[in-house]
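S.K.: Need the 3D shape of this:
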Amino acid sequence: MSKVNDGGPAFPSNRDMRYGGMTLRQYAAIKLRVPNSGADWLDEMIRTSLRDDLAAKAMQGYLSSSWQAKELDSLGKSSCEQMAIVAEISYAMADATIKARGAS
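M.R.: Residues are numbered from 1 along each chain as shown. This next block holds a predicted model:
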């Protein structure tokens, strides 16, 4: 079995890093927001964070449009229901962005 060269610890110290250390690859994956850390649990956290961030940006853009606000008001829904619709649209936009990017 060959050992993967992951660059070693991101923050080396004199302590034993086997149980809590972060590799350079993991650190880079987090900073670059690329789910390629080599750890499935960390890659899933990066994907979730990226999706949430893209949805938040989509929501900001959507809500900054006065035309969209008028469209929401014309639905005759409560403000809570309107925000649920905006959240669904925002996550749909985030998912489409991730799909277009090629990162599943």
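
S.K.: what's around Gln60, how many residues?
M.R.: 10 (other Cβ atoms under 10 Å). Heads up, the C-betas are built off the backbone N, CA and C, glycines and all.

S.K.: Just give the nearest non-adjacent residue to Leu42, would you?
M.R.: Among residues not flanking Leu42 along the chain, Gln26 sits closest, at 5.9 Å (Cβ to Cβ, 6 or more residues apart in numbering).

S.K.: Over to Ala56?
M.R.: According to Cβ to Cβ, 6+ apart, the nearest residue to Ala56 is Ser90 (7.4 Å).

S.K.: Determine the three-state secondary structure at that neighbour.
M.R.: Of the three states, Ser90 takes helix under DSSP: H, G, I helix; E, B strand; the rest coil.

S.K.: List the residues that contact it.
M.R.: The contact partners of Ser90, by Cβ atoms under 8 Å, 6 or more residues apart in numbering, come to 55-56, 58-59, 62.

S.K.: Show the buried residues in these.
M.R.: Buried members of those, counted by 16 or more other Cβ atoms under 10 Å: 55, 58-59, 62.

S.K.: circling back to that earlier point, please flag which of the contacts of Ser90 sit within strands.
M.R.: Among the contacts of Ser90, no member falls in strands (criterion: DSSP state E).

S.K.: thinking again about what came up before, of the buried ones among the contacts of Ser90, which belong to helices?
M.R.: Among those, DSSP state H puts 55, 58-59, 62 in helices.

S.K.: Spit out the contact partners of the residue nearest to Leu42.
M.R.: 6, 10, 37-39, 42.
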